[in-house]
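Engineer: structure for this input, please:
(chains A, B, C and D)
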Protein chains: 2
Amino acid sequence: MTPQRLMIVEAVENSTNHIGADEIYSEVVAKYPNVNVSTVYRTLELLEQLGLVTKTDLGGGRVVYHPVDKGHHHHLVCKECGATIDLDESVLSSLKDSLLRQYQFVADLRHLGIQGVCVNCRQHASQKPAESK
Amino acid sequence: MTPQRLMIVEAVENSTNHIGADEIYSEVVAKYPNVNVSTVYRTLELLEQLGLVTKTDLGGGRVVYHPVDKGHHHHLVCKECGATIDLDESVLSSLKDSLLRQYQFVADLRHLGIQGVCVNCRQHASQKPAESK
DNA sequence: TAAAATTCTGCGAATATTTGCAACAACAAG
DNA sequence: CTTGTTGTTGCAAATATTCGCAGAATTTTA
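Structural biologist: From the prediction side, this is the model:
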């Protein structure tokens, strides 16, 4: 356990909710200017393999990390407005069961990002002219 | 509809199953050496928005495209051996329904890549020394 | 403690993908 | 036929992430 690893772990643990690799990097660099981005990525990969943090792709290049010990949950990501809605783990448990029964496949559904369209955007779909695209 | 777009569409349609951006690019360049990668990506993004093709992240940097008119299905991707198991759409329909009922969220579950561990790797987990990592 | 082995890191290069921008083609208006 | 408008492309640069490699740090061994 090296000082840089310690700080990376700290940064992830201290994050209120989710944190991106770039934010972790900035945070660590502030205290220890010599650390390299590679180290951040390597450590995050390590932590993920050890089952300590989850990595979630929220789409649109937004990849965030979350400490496992702070609870599992998922995200509904709206493709229109970009909002993310937290989702309880239970909603996916039946899917996980089905996959296990029907395919003997142990799905890793600990922290998903599911793309779609939220209520708000669906209702305003007709009125709204276009996106900030 | 420009010639380059036409060829990109062709490449996707002609692919037996799935095809990556790099493969599409190579295929198109073979006939029309001037096309640029950007054009490929831009066209694929366009096709995706038009609902003509799906883009699926199989994990590990493998992103593949698939024409919508060739049927919806999903993939179970084994993190150990990298195998992908095709999955019928129906398995996810109940999840989609739940999300719609409970969250009024229209999930885009047309072509997912679900990470996990397949039967094979689960059984051999203890024997297998390590991966090709 | 010194030499050897192992692990981790920083750096720079490679990869995949996206973006800004200026040139270009198609097409409508005059 | 010239001009203007719009949409598409090629190129080069930016971004995010990964990878190889050599040097540092750490541990092991004697």
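Engineer: now do the domain split for chain A, please.
Structural biologist: A:1-67, A:72-133 (automatic domain parsing).
Engineer: among those, where is the model least confident on average?
Structural biologist: Ranked by mean pLDDT, these bottom out at domain A:72-133, with a mean of 81.
Engineer: what's the helix or strand for the spatially most central residue of chain A?
Structural biologist: For chain A, the residue nearest the mean C-alpha position is A:Thr56 (3.0 Å; C-alpha atoms, centre = their mean). According to DSSP states H and E, A:Thr56 maps onto strand A:53-57.
Engineer: A:Val77 now?
Structural biologist: Assigned by DSSP H and E, A:Val77 falls in strand A:74-78.
Engineer: pairing partners for that strand, with directions?
Structural biologist: strand A:84-87 (antiparallel), strand A:113-117 (parallel) (DSSP bridges).
Engineer: could you figure out how far that strand is turned away from strand A:53-57?
Structural biologist: 20 degrees (axes from the mean of the first three to the mean of the last three C-alpha atoms, to 10 degrees).
Engineer: ok, A:Val64 to chain B distance?
Structural biologist: Distance, A:Val64 to chain B, using C-beta to the nearest C-beta, to the nearest Å: 15 Å. In short, each C-beta sits where N, CA and C put it, glycine included.
Engineer: ignore what I typed, I meant A:Cys118.
Structural biologist: Distance, A:Cys118 to chain B, by C-beta to the nearest C-beta: 6 Å.
Engineer: spatially nearest residue to that residue (excluding sequence neighbours)?
Structural biologist: A:Cys78 (4.0 Å; C-beta to C-beta, 6 or more residues apart in numbering or on different chains).
Engineer: what does chain A put close to chain B?
Structural biologist: A:57, A:76, A:78-79, A:85, A:87, A:91-92, A:94-95, A:98-99, A:102-109, A:114-119, A:122 (C-beta under 8 Å from any C-beta of the partner chain).
Engineer: now, of the residues you listed, which are buried?
Structural biologist: Buried subset of these (neighbour count, 16 or more other C-beta atoms under 10 Å in any protein chain shown): A:57, A:76, A:78-79, A:85, A:87, A:91-92, A:95, A:98-99, A:103, A:105-109, A:114-118.
Engineer: all helices of chain A, in order?
Structural biologist: Taking DSSP state H as the test, the helices found in chain A are A:3-14, A:21-31, A:37-49, A:90-103, A:119-123.
Engineer: which residues does the fourth one contact?
Structural biologist: This means helix A:90-103. Contact partners of helix A:90-103, identified using C-beta atoms under 8 Å, 6 or more residues apart in numbering or on different chains, comprise A:74, A:105-107, A:109, A:112, B:76, B:85, B:87, B:91-92, B:94-95, B:98-99, B:102, B:114, B:116, B:119.
Engineer: same check, this time on stretch A:1-21
Structural biologist: Counting by C-beta under 8 Å, 6+ apart, A:23-24, A:27-28, A:31-32, A:35, A:37, A:39-41, A:43-44, A:47, A:52-53, A:56, A:62-67 sit against stretch A:1-21.
Engineer: before we move on, the earlier item: mind listing what the residue nearest to A:Cys118 touches?
Structural biologist: Counting by C-beta under 8 Å, 6+ apart, A:Cys78 has contacts A:Thr84, A:Ile85, A:Gly116, A:Val117, A:Cys118, A:Asn120, A:Cys121, B:Phe105.
Engineer: likewise for A:Leu52?
Structural biologist: Contacts of A:Leu52 (C-beta under 8 Å, 6+ apart): A:Val9, A:Pro67, A:Val68, A:Asp69.
Engineer: show me these that map onto strands.
Structural biologist: A:Pro67 (DSSP state E).
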